[in-house]
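> No sequence on hand, only this structure:
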């Protein structure tokens with residue numbers, strides 16, 4: 001991957017996340033969902049996750065700019081790679097790795113908070129699955145962040161080049177264990193909406209398409225993660241072989257792709273409310289026009305007056321709006 005591609009992926013990923021984050025906040029602002037504590041927590045954690053992702057993407061893009069400048073000055077790829085082996089660069093690599101891990105897990109917390117509002121509606125088995133998902137997410141985060149931050153102790157071994165140097169991100173134990181735990185957590189979380197759809201017997205096409213999109217994004221992100229693992233082992237980067245400049249850029253691109261896909265998938269159960277609400281408004285507008293035409297025909301003797309039907313994503317009862325998520329009415333927590 002050349003530096004121009006590295007920068008392009010970081011910029012595109014940042015713009016996509018900005019759009020998704022805007023929609024996520026807009027849902028809460030318009031209060032398509034009631035202001036549950038779980039929704040406030042979900043919005044806050046998602047915004048934090050986006051901010052962390054932007055920080056990492058900004059640092060990666062800055063690296064791409066430096067590489068372009070060095071190439072224009074006549075530096076070879078080997079010389080550029082040597083320029084990137086400074087204490088400051090390894091400190092940035094160590095910090096951004098921890099931030100990237102935290103980004104994904106904060107996004108997972110936002111995703112789980114969406115379903116917590118419907119917890120009282122769950123069956124016993126679904127409650128057990130949800131509780132297990134929450135516990136597994138917390139435990140795996142603590143294990144992964146501990147491995148990446150403390151495996152090479154003292155931590156300055158991650159950036160002090162010389163005898164005893166130890167880059168955690170390229171060490172086989174934290175790399176393999178961390179990736180395996182993170183991907184298993186992803187698979188568990190993305191199975192949650194799928195199991196809900198099956199257990200509830202939801203027949204709505206829109207609901208099925210929404211869940212299918214969430215699962216698809218999750219599968220693609222896991223596939224990207226698997227590619228990183230296989231490429232690392234095939235090229236023996238975890239056994240001391242130095243990363244080439246192209247491979248380094250490719251890993252940074254795959255990181256941006258994974259974070260963007262995961263955060264987008266984690267936001268979909270919420271931002272889909274915008275599209276469902278828009279569709280409901282269109283249907284109500286159509287029903288009003290049909291009702292007006294039928295009344296006009298009735299007044300002129302051209303037919304029997306009709307009645308308006310208000311159908312859509314939301315239902316009303318006694319002036320109180322009922323909010324739904326995959327067929328479940330959300331209850332305040």
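Structure received. The model shown is predicted, which means the values in this text are computed figures rather than measured ones. Numbers count the residues shown, from 1 in each chain.
> When you work out contacts or count neighbours from here on, use the C-alpha atoms and nothing else.
Noted.
> Low-confidence stretches in the stretch 101-250 of the chain?
Along the stretch 101-250 of the chain, the parts satisfying pLDDT under 70 run over 201-203.
> Helices along the stretch 1-150 of the chain, start to end?
Remark: helices assigned in the stretch 1-150 of the chain by DSSP state H, counting those that start in this stretch are 3-30, 37-72, 77-83, 87-116, 124-150.
> Okay, buried residues for the shortest one please.
Along helix 77-83, the positions that meet the burial threshold by neighbour count (16 or more other C-alpha atoms under 10 Å) are 80-81.
> For residue 56, give me its contacts.
By C-alpha atoms under 8 Å, 6 or more residues apart in numbering, residue 56 lies in contact with 96, 99-100.
> Helices of the stretch 151-300 of the chain, start to end?
Taking DSSP H, counting those that start in this stretch as the test, the helices found in the stretch 151-300 of the chain are 172-200, 205-234, 245-299.
> Tell me the helices and strands packed up against the second one.
Going back to what we said before, that points to helix 205-234. helix 172-200, helix 245-299 (3 or more C-alpha pairs under 8 Å, 6 or more residues apart in numbering; DSSP states H and E).
> These: which one's closest to residue 66?
The closest approach between residue 66 and any of these, judged by C-alpha to C-alpha, belongs to helix 245-299 at 12.4 Å.
> quick revisit: okay if I get the helices of the stretch 1-150 of the chain as a markdown table plus distance to residue 211?
Shown next, in a markdown table, are the helices of the stretch 1-150 of the chain (distance: least, C-alpha to C-alpha, whole Å):
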| stretch | distance to residue 211 |
| --- | --- |
| helix 3-30 | 17 |
| helix 37-72 | 19 |
| helix 77-83 | 43 |
| helix 87-116 | 13 |
| helix 124-150 | 17 |
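> what about the ones you listed, which gets the closest to residue 228?
Checking these against residue 228 by C-alpha to C-alpha gives helix 87-116 as the closest, at 14.4 Å.
> re earlier: now tabulate the helices and strands packed on helix 205-234 in CSV and tack on distance to residue 79.
What follows is the helices and strands packed on helix 205-234, written out as CSV (distance: least, C-alpha to C-alpha, whole Å):
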stretch, distance to residue 79
helix 172-200, 27
helix 245-299, 10
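> right, and the ones you listed - which one's nearest residue 156?
Nearest of the helices and strands packed on helix 205-234 (C-alpha to C-alpha): helix 172-200, 16.5 Å.
> Report all helices and strands that that closest one contacts.
By 3+ C-alpha pairs under 8 Å, 6+ apart, helix 172-200 packs against helix 124-150, helix 205-234.
> Identify each buried residue in stretch 227-243, please.
Buried positions in stretch 227-243, judged by neighbour count with 16+ other C-alpha under 10 Å: 228-229, 232, 237-238, 243.
> Distance to residue 259 added to those, as CSV?
Converted to CSV, the buried residues of stretch 227-243 look like this (distance: C-alpha to C-alpha, whole Å):
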residue, distance to residue 259
228, 14
229, 16
232, 19
237, 22
238, 22
243, 22
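> Identify the farthest-apart pair in those residues.
The largest distance within those, taken as C-alpha to C-alpha, falls between 229 and 243 and amounts to 13.8 Å.
> Spatially, what comes nearest to residue 10 if we skip its sequence neighbours?
Counting by C-alpha to C-alpha, 6 or more residues apart in numbering, residue 57 is the residue found nearest to residue 10 once chain neighbours are left out, at 5.2 Å.
> actually residue 136, sorry about that
Using C-alpha to C-alpha, 6+ apart, the nearest residue to residue 136 is residue 185, at 7.0 Å.
> Give me the neighbour count for that neighbour.
Residue neighbour count, defined by other C-alpha atoms under 10 Å, stands at 22 for residue 185.
> That one contacts residue 135, doesn't it?
No: counting by C-alpha atoms under 8 Å, residue 185 does not reach residue 135; the two are 10.3 Å apart.
> ok, now which ones touch residue 55?
By C-alpha under 8 Å, 6+ apart, the contact set of residue 55 is empty.
> what residues are up against residue 187?
218-219.
> distance of the residue nearest the centre of the chain from residue 40?
In the chain, the centroid-proximal residue (C-alpha atoms, centre = their mean) is residue 263; its distance is 1.3 Å. Relative to residue 40, residue 263 is positioned 17 Å away (C-alpha to C-alpha, to the nearest Å).
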